[in-house]
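In: Here is the input, now give the coordinates:
(one chain, ligands or ions: 2)
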Amino acid sequence: MGDPSNGSALSFFSDKSAKIFVAGHRGLVGSAIVRKLRHLGFTNLVLRTHLELDLTRQNDVESFFATEKPRFVILAAAKVGGIHANNTYPADFISINLQIQTNVIDSSYRHGVSKLLFLGSSCIYPKFAPQPIPEDALLTGPLEPTNEWYAVAKIAGIKMCQAYRIQYNWDAISGMPTNLYGPNDNFHPENSHVLPALMRRFHEAKVKGAKEVVVWGTGSPLREFLHVDDLADAVVFMMESYSGLGHMNVGSGKEVSIKELAELVKDVVGFEGKLVWDTSKPDGTPRKLMDSSKLAALGWTPKISLRDGLVDTYKWYLQHVEQ
Ligand SMILES: NC(=O)C1=CN([C@@H]2O[C@H](COP(=O)(O)OP(=O)(O)OC[C@H]3O[C@@H](n4cnc5c(N)ncnc54)[C@H](OP(=O)(O)O)[C@@H]3O)[C@@H](O)[C@H]2O)C=CC1
Ligand SMILES: C[C@H]1O[C@H](OP(=O)(O)OP(=O)(O)OC[C@H]2O[C@@H](n3cnc4c(=O)[nH]c(N)nc43)[C@H](O)[C@@H]2O)[C@@H](O)[C@@H](O)C1=O
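Out: Numbering: from 1, shown residues only. Ligands and ions are numbered 1, 2, ... in the order given. Have a look, this model is predicted:
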């Protein structure tokens, strides 16, 4: 067995015709990765919608890999949602995610994929982790209860990549993004994350001339936001430049309170009424700023400010979601 921290020396950028399976290509993250890969000149992307290939079905995933034999896999398919969805559908969040990632990681290995990147989330860390959160805070304390089922699945994904690297010297890496936003986000009123939920609510209130908008929780939790185009840039960067055993944090390094975020979204959307806080809704984890210095030391930094990213996302929302 070789050194599990080395993995493959194959360059991702050297062959733009290499077959790449981007799982979850219609989602927020997958669609940004596809945009980035196409922009870089990659020509051989293999893509399947959920309807065409349900990744929870082991036999179908197995046949897909046996037929398509991709060289690279970027796993951005998952059951995803905000605090309410995570808290309401714990069985879906743990079982669907465990199934998708187990099927895709194992079939990728067995069908000769050269390198796979698995995406987790900053919710893998303990609720009261040191801030900013270093990668080695993983499994040092209890999880935030509103998303522990999803977090346990994501931790299992990291460990599965590590186990396959250790046992088979296979190049599977994991990236842990912070809270993301951008084009193709989920703008569902209840099941989405805070940023798209507020953008929609403020927009609808502005259109209707409402006097106030309800925002969940106390407004005091702190969150770190990253535009999904920055994440896609980090993903291709890691595909080229990182082949290690440890998972890698991917954040903007900047945090805002939910109250500050709400004021910013309100301003970008142009809603002029007031905010009302519904404290019967959960705050979730009080703070989760990640320490992304490991990735920065390899040479990657984010480029899009929160305000610029919000303006860009609101333009997209007006063109694509608003009726
Ligand atoms: N959004 C965020 O703030 C964050 C996301 N992440 C991670 O990034 C990754 C992508 O998330 P995001 O883009 O936001 O999620 P989305 O919900 O926007 O997209 C998820 C994608 O997964 C696909 N999918 C879901 N279930 C299945 C299935 N059973 N079979 C096949 N495809 C399926 C969906 O396909 P279809 O469209 O065809 O239904 C969709 O394209 C996830 O691993 C998530 O944990 C990490 C941190 C933060
Ligand atoms: C990315 C991450 O996303 C989830 O964790 P979260 O960071 O808590 O995500 P959230 O965006 O849903 O909420 C952030 C904060 O914002 C507040 N908040 C206000 N008003 C609304 C609102 O209208 N909708 C939502 N969803 N939240 C609101 C809300 O009460 C909370 O204090 C994980 O489950 C997990 O999926 C994960 O990994």
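
In: how about the strands in the stretch 151-300 of the chain?
Out: Assigned by DSSP state E, counting those that start in this stretch, the stretch 151-300 of the chain shows strands spanning 171-177, 179-181, 212-216, 222-227, 248-250, 255-257, 274-278.

In: so how many other residues sit close to L139?
Out: 12 (other Cβ atoms under 10 Å). For the C-beta atoms, the positions are set from N, CA and C on the backbone; glycine is no exception.

In: Check the spacing between it and L116 real quick.
Out: 22 Å (Cβ to Cβ, to the nearest Å).

In: Kindly provide the distance from the residue of the stretch 1-150 of the chain found nearest ligand 1 to L310.
Out: When scored by Cβ to the nearest ligand atom, the stretch 1-150 of the chain has G27 as its residue closest to ligand 1, at 2.0 Å. Relative to L310, G27 is positioned 20 Å away (Cβ to Cβ).

In: which of those two has more neighbours?
Out: Neighbours were counted for G27 and for L310 using other Cβ under 10 Å; L310 has more, 24 against 20.

In: my guess is that one meets L264, correct?
Out: Yes - the pair L310 and L264 qualifies as a contact (Cβ atoms under 8 Å) at a distance of 6.4 Å.

In: what does the stretch 151-300 of the chain have sitting close to ligand 2?
Out: Residues of the stretch 151-300 of the chain lying near ligand 2 by Cβ under 6 Å from any ligand atom: 179, 192-194, 197-198, 215-217, 221, 223, 258, 281-284.

In: Give me the buried subset of these.
Out: Listed as buried from those are 179, 192-194, 197-198, 215-217, 221, 223, 258, 282-284; burial here means 16 or more other Cβ atoms under 10 Å.

In: what's the burial count for the closest residue to ligand 2 within the stretch 51-200 of the chain?
Out: Nearest residue of the stretch 51-200 of the chain to ligand 2, counting by Cβ to the nearest ligand atom: G82, 2.7 Å away. Residues lying near G82 (other Cβ under 10 Å) number 22.

In: ok, now how distant is it from G219?
Out: 16 Å.

In: Share the number of residues neighbouring F13, please.
Out: With neighbours defined by other Cβ under 10 Å, the count for F13 comes to 13.

In: Helices of the stretch 201-323 of the chain, start to end?
Out: Per DSSP state H, counting those that start in this stretch, the stretch 201-323 of the chain carries helices over the ranges 228-241, 258-269, 293-298, 306-320.
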